[in-house]
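>>> I would like the atomic coordinates for the input below:
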Amino acid sequence: MVVRYERRGPVAVVTMNRPDYRNAQNSAMTYALDEAFYQAAEDDEVKVIVLAGAGEHFSAGHDIGTPERDADRTFPRKAGLWWDHVGKTGAESRFARESEVYLGMCRRWREIPKPMVASVQGACIAGGLMLAWVCDLIVASEDAFFADPVVRMGIPGVEYFAHPWVMPPRIAKEFLYTGDRMAASRAYELGWVNRVVPRESLEAETLAMAERIAAMPRLGLALTKKAVNQAEDLQGMHAGMDSVFGLHHVAHAHNAEVGADALAGLGPKSMKAAAEKAMTKKTSTEKTSTAKSSTETASTEKAGTEKPTGKASTETAAPRTAAPGKSDTGKAAHEKAADDGS
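Numbers count the residues shown, from 1 in each chain. The predicted model follows:
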């Protein structure tokens with residue numbers, strides 16, 4: 001069972017259940033999630049939906065390399081009217097599939113008329129971000145981290161491109177340009193994580209928030225969600241995603257034309273290795289910068305405690321006087337430059 005569903009009073013808990021693969025999302029999981037969300041939306045006793053991931057990590061993203069990868073299988077389409085991708089080639093296949101299982105499904109879930117809370121621990125990467133971002137609130141554990149490293153593949157971010165609405169544009173660019181991990185604490189500072197809690201209390205804290213929300217009137221919650229979503233779309237979110245989805249597929253097509261495949265020949269292991277190499281370099285740079293800063297601070301403090309030399313004291317007590325009719329400005333400036341090491 002790739003997705004678990006359970007009711008806890010007015011809260012439906014939907015749990016991704018591929019912990020051995022860090023909850024990588026294959027199509028089977030995507031359609032199982034859709035079925036679970038539909039069940040929760042249909043149940044009048046459910047007021048709030050919690051999305052969680054079993055095991056150490058929320059989700060490492062889309063399945064691009066597990067034994068159960070099923071991109072070549074047909075599933076009953078739910079999110080749109082694009083044709084079945086199976087039996088097609090090139091962009092005709094890829095665009096149809098990703099319109100359905102990635103962008104289409106995420107948009108469908110964003111419009112569920114009940115509040116959704118993501119409960120995030122460990123890795124929340126690429127396709128994992130998409131799932132967290134369709135939720136209305138995010139509760140993260142202290143060890144949670146977020147990343148969208150697909151620029152390494154030459155692709156401008158994941159299919160559900162919410163980045164410039166979730167965070168400020170310059171932060172979004174840094175997040176994408178570097179592919180670096182963003183800690184839960186930083187995401188909280190930027191306003192796109194609602195709570196950061198200890199790992200051991202993540203489930204309890206998430207359920208407490210969900211139950212508090214569930215005390216509100218169902219229609220009031222549904223209309224409030226619709227109001228905020230509409231405001232985001234009026235700010236360009238829906239149209240912006242459409243435009244970036246096209247760029248996303250230009251990148252896929254380019255990769256397929258000039259390289260080994262649409263993913264630039266990269267898979268889970270090579271992506272992980274690249275991320276670890278980048279993290280090691282970043283950590284080394286930060287340590288060097290910290291050590292240099294500490295050394296400079298110590299030197300400055302030492303200089304501040306040293307007694308002035310006799311020469312300096314004499315010059316301070318008895319400044320030179322310019323000769324009559326001549327300016328001393330140029331000479332003074334030259335001596336100052338020499339003292340500064342220029």
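
>>> Residue ranges in this structure under the pLDDT threshold?
Within the chain, the stretches falling below the threshold (pLDDT under 70) are 289-342.

>>> Strands along that one, start to end?
Counting by DSSP state E, one finds strands in the chain at the ranges 3-8, 11-16, 48-53, 116-120, 123-125, 137-141, 145-147, 182-183, 195-197.

>>> I'd like the distance from the second one to the chain centre, please.
Averaging C-alpha positions (C-alpha atoms, centre = their mean, to the nearest Å) puts strand 11-16 22 Å from its chain's average.

>>> for the shortest one, same thing?
Shown here is strand 182-183, whose average C-alpha point lies 8 Å from the average C-alpha point of the whole chain (C-alpha atoms, centre = their mean).

>>> what lines up beside that strand in the sheet?
Within its sheet, strand 182-183 is paired with strand 145-147 (antiparallel), according to DSSP bridges.

>>> ok, and what's touching the strand it pairs with?
Strand 145-147 is contacted from outside by 122-126, 129, 132, 175, 179-184, 187, 275, using C-beta atoms under 8 Å, 6 or more residues apart in numbering. All C-beta atoms are positioned from the backbone trio N, CA, C, and that covers glycine.

>>> hmm, try it at 7 Å
Residues outside strand 145-147 that contact it (C-beta atoms under 7 Å, 6 or more residues apart in numbering) are 123-125, 129, 179-184, 187.

>>> for these, which one is nearest residue 104?
residue 129 (16.9 Å; C-beta to C-beta).

>>> Now do residue 99 against residue 200, distance only.
Plainly put, residue 99 is 40 Å away from residue 200 if you go by C-beta to C-beta, to the nearest Å.

>>> okay, these two: which has more neighbours?
Remark: of residue 99 and residue 200, residue 99 carries more neighbours, 21 against 10, as counted by other C-beta atoms under 10 Å.

>>> which ones are touching the more buried one?
By C-beta under 7 Å, 6+ apart, the contact set of residue 99 is 80, 82.

>>> what's the neighbour count on the residue nearest to residue 263 when sequence neighbours are not counted?
Excluding its sequence neighbours, the residue lying closest to residue 263 (C-beta to C-beta, 6 or more residues apart in numbering) is residue 153, at 5.3 Å. Using other C-beta under 10 Å, residue 153 is surrounded by 21 other residues.

>>> what do you get for residue 23?
Residues lying near residue 23 (other C-beta under 10 Å) number 30.

>>> same deal with residue 10?
The local packing count at residue 10 equals 17, with neighbours defined by other C-beta under 10 Å.

>>> looking at it, it is touching residue 214, isn't it?
Yes. If you go by C-beta atoms under 7 Å, residue 10 and residue 214 touch, sitting 4.0 Å apart.

>>> so what's in contact with these two at the same time?
Taking C-beta under 7 Å, 6+ apart as the criterion, residue 10 and residue 214 both touch 47-48.

>>> rewinding a little: go through the contacts of strand 145-147 and name the one nearest residue 229.
For residue 229, the nearest member of these is residue 129. The distance, counting by C-beta to C-beta, is 17.9 Å.

>>> residues contacting the closest one?
Under the criterion of C-beta under 7 Å, 6+ apart, the contact list for residue 129 reads 146, 148, 158.

>>> same question, residue 239
With contacts defined as C-beta under 7 Å, 6+ apart, residue 239 has no neighbours.

>>> Ok, residue 282 next?
residue 180.

>>> Can you tell me the closest non-neighbouring residue to residue 279?
Distances taken as C-beta to C-beta, 6+ apart put residue 181 closest to residue 279, at 7.0 Å, once the chain neighbours are dropped.

>>> ranges for the helices of this protein?
Assigned helices in the chain, in chain order: 27-42, 90-98, 105-110, 127-134, 163-166, 169-178, 184-189, 202-214, 218-234, 237-258, 268-305, 310-317, 329-339 (criterion: DSSP state H).

>>> Include distance to residue 141 when you put those into TSV, please.
As requested, the helices of the chain are arranged in TSV below (distance: least, C-beta to C-beta, whole Å):
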stretch	distance to residue 141
helix 27-42	21
helix 90-98	30
helix 105-110	22
helix 127-134	13
helix 163-166	19
helix 169-178	20
helix 184-189	7
helix 202-214	4
helix 218-234	25
helix 237-258	27
helix 268-305	19
helix 310-317	57
helix 329-339	54
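
>>> quick one: which of those is nearest residue 84?
Taking C-beta to C-beta as the criterion, residue 84 comes closest to helix 90-98 out of the helices of the chain, the separation being 7.4 Å.

>>> which helices and strands sit right next to the closest one?
The criterion is 3 or more C-beta pairs under 7 Å, 6 or more residues apart in numbering; DSSP states H and E, and the helices and strands that helix 90-98 contacts are helix 237-258.

>>> Which of the contacts of residue 129 sits closest to residue 104?
When the contacts of residue 129 are compared for distance to residue 104, the smallest value, 13.8 Å, is given by residue 158; criterion: C-beta to C-beta.

>>> just checking, the closest one touches residue 134?
No. Applying C-beta under 7 Å, one finds residue 158 not in contact with residue 134, separated by 11.8 Å.

>>> if you count what's nearby, which of the two comes out ahead?
Using other C-beta under 10 Å, the more surrounded residue of residue 158 and residue 134 is residue 158, with 27 against 21.

>>> ok, and the closest non-adjacent residue to residue 253?
Residue 253's closest residue in space is residue 91 (C-beta to C-beta, 6+ apart), at 5.4 Å.
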